[in-house]
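Colleague: need a structure here:
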Amino acid sequence: MGNTKSFMTLAAMFALFIGACTYAADVARSIDAGTRLAYELNTDQDGKIKTELGLDYEERYSGAQILLMIRGLAEDGADIEVNGKLYRSGSNEDNVDPAILNVKLAYRAFYERSADGTLNKMVFRSGT
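Modeller: The predicted model follows:
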């Protein structure tokens, strides 16, 4: 009877130990996933200065994307300039003539920022 009782106690302790290890591994995995998600969300915030090292990459937008940006200009947003034509934030650009842009062209994007990193103007130029 004594051996049976100690074997049952040992089996129960072993099961509790395995359960605690499994729970700890699951908690560690959840914390790691949450940390990665928080990092990605903070990295992709607009209006912040991003550093890209060693990349030879230019952002390009289609004319259709730029047209949607112009139509969605907010009061406190950045101005948009397309091939020398300026669209100010807060202006009513609901009736923008789509003929001013070639929607199939790719436009290079340049950004003008203030000293504190706030985006002031997005400049788009067509061509290579």
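Colleague: and the closest residue in space to residue 113 that isn't next to it in sequence, its phi and psi?
Modeller: Using Cβ to Cβ, 6 or more residues apart in numbering and skipping the chain neighbours, the partner closest in space to residue 113 is residue 119 (5.7 Å). Quick note: C-beta positions are derived from backbone N, CA and C, even for glycine. Here the main-chain torsion angles of residue 119 (degrees, to the nearest 10) amount to phi -70, psi 120.
Colleague: could you give the number of residues near residue 119?
Modeller: 16 (other Cβ atoms under 10 Å).
Colleague: ditto for residue 62
Modeller: There are 15 residues near residue 62, going by other Cβ under 10 Å.
Colleague: in this structure, which spans are helices?
Modeller: 2-43, 63-71 (DSSP state H).
Colleague: pick out the shakiest of those helices, pLDDT-wise.
Modeller: Among those, helix 63-71 carries the lowest mean pLDDT, at a mean of 82.
Colleague: buried sites along that helix?
Modeller: By neighbour count with 16 or more other Cβ atoms under 10 Å, helix 63-71 contains the buried residues 63, 65-67, 69-70.
Colleague: can you tell me which of those residues lies nearest to residue 110?
Modeller: residue 66 (12.8 Å; Cβ to Cβ).
Colleague: the closest one reaches residue 80, doesn't it?
Modeller: Yes. Counting by Cβ atoms under 8 Å, residue 80 is a contact partner of residue 66 at 7.3 Å.
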